[in-house]
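Asks: heads up, no residue letters with this:
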């Protein structure tokens, strides 16, 4: 298992490659991303165990989207079976990754109560708008910075772990280790990548929406829908495809077994 160190500009290249992959099969990739979201949302609304089950299956579903991007790049057909079929690849490790990530997230949020008495934790765990509204005036800056600092290494260890477990058959510990090392070796490229994603999915759509609302203030709902739909059908599949491009460039497709 070898990870390459790439130049910072590679981060922007992953986004461009993701869009190039999306252009080859935009309809099916878009539908798979919507299926992924609907599956996660449906599981989360189930009482008691919904959020837990969603956390356990997300690693397998994310591998399914990367498998779809890989097959599109290779000119192979994709479908719903591509999304759900990848959950069978080293399934126990994928489920363990989901459980571990959930435990780490809850643990970090729990530690944030040292700074705000639990306001941020209660806000994140709120099950309805009324509960969130009661906490909206709380100061989340300090606990948010604390959570960000602790979750960064967790996300580094998790970033490639599902695909390394599924495609390379690595154990839980080795998948987390190699993912963390790969992210650490390429932190400059990931910094550019993160800035690019913020511009693509946040800043640019926000500026466009703001300008359109200034020009057409009476059509707020229609304008919001016009800006939101491309984000769902174009930007989201591009971002998911860029995850595969990121993996492919750092680890190399020749190592896939």
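Replies: That came through, no problem. A quick note: this is a predicted structure, and the numbers were derived from the prediction, not measured.
Asks: lowest-pLDDT helix or strand in this protein?
Replies: Considering only helices and strands, the least confidently modelled element of the chain by mean pLDDT, DSSP states H and E is helix 129-133, at a mean of 61.
Asks: and the helix or strand that that helix is followed by, what does it pack against?
Replies: The element immediately downstream of helix 129-133 (helix or strand, assigned by DSSP states H and E) is helix 141-159. Contact partners of helix 141-159 among helices and strands, from 3 or more Cβ pairs under 8 Å, 6 or more residues apart in numbering; DSSP states H and E: helix 91-111, helix 113-116, helix 119-125, helix 172-185. The C-beta positions use only the backbone N, C-alpha and C, and glycine is treated the same way.
Asks: distance of residue 2 relative to residue 13?
Replies: Taking Cβ to Cβ, to the nearest Å as the criterion, residue 2 is separated from residue 13 by 19 Å.
Asks: actually residue 191, not the one I typed
Replies: Residue 191 sits at a distance of 14 Å from residue 13 (criterion: Cβ to Cβ).
Asks: of these two, give the one with the bigger neighbour count.
Replies: Set side by side, residue 191 and residue 13 show more neighbours around residue 13, with 19 against 12, by other Cβ atoms under 10 Å.
Asks: please, which helix or strand holds that one?
Replies: helix 10-24.
Asks: can you name the next helix or strand after that helix?
Replies: In the C-terminal direction, the helix or strand that comes right after helix 10-24 (DSSP H and E) is helix 26-45.
Asks: measure how far the helix or strand just after that next one is from the centre of its chain, please.
Replies: Along the chain past helix 26-45, the next helix or strand (assigned with DSSP H and E) turns out to be helix 50-73. Put simply, helix 50-73 sits 10 Å off its chain's centre (Cα atoms, centre = their mean, to the nearest Å).
Asks: now helix 50-73: buried residues?
Replies: When neighbours are counted by 16 or more other Cβ atoms under 10 Å, the buried residues of helix 50-73 are found to be 51, 54-73.
Asks: which ones are touching the residue lying closest to residue 169 once chain neighbours are set aside?
Replies: In this structure, residue 169 finds its nearest non-sequential neighbour in residue 90, 5.7 Å apart by Cβ to Cβ, 6 or more residues apart in numbering. Going by Cβ atoms under 8 Å, 6 or more residues apart in numbering, residue 90 touches 165, 166, 169.
Asks: among those residues, which ones are in helices?
Replies: Among the contacts of residue 90, the members found in helices (DSSP state H) are 165, 166.
Asks: could I get the contacts of residue 90 as JSON lines with pLDDT?
Replies: Supplementary listing: these in JSON lines, determined by pLDDT from 0 to 100:
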{"residue": "165", "pLDDT": "95"}
{"residue": "166", "pLDDT": "95"}
{"residue": "169", "pLDDT": "93"}
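Asks: what subset of the contacts of residue 90 is buried?
Replies: Among the contacts of residue 90, the ones that count as buried by 16+ other Cβ under 10 Å are 165, 166.
Asks: adding distance to residue 36, write the contacts of residue 90 out as TSV.
Replies: Compiled in TSV, these are given as follows (distance: Cβ to Cβ, whole Å):
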residue	distance to residue 36
165	18
166	16
169	23
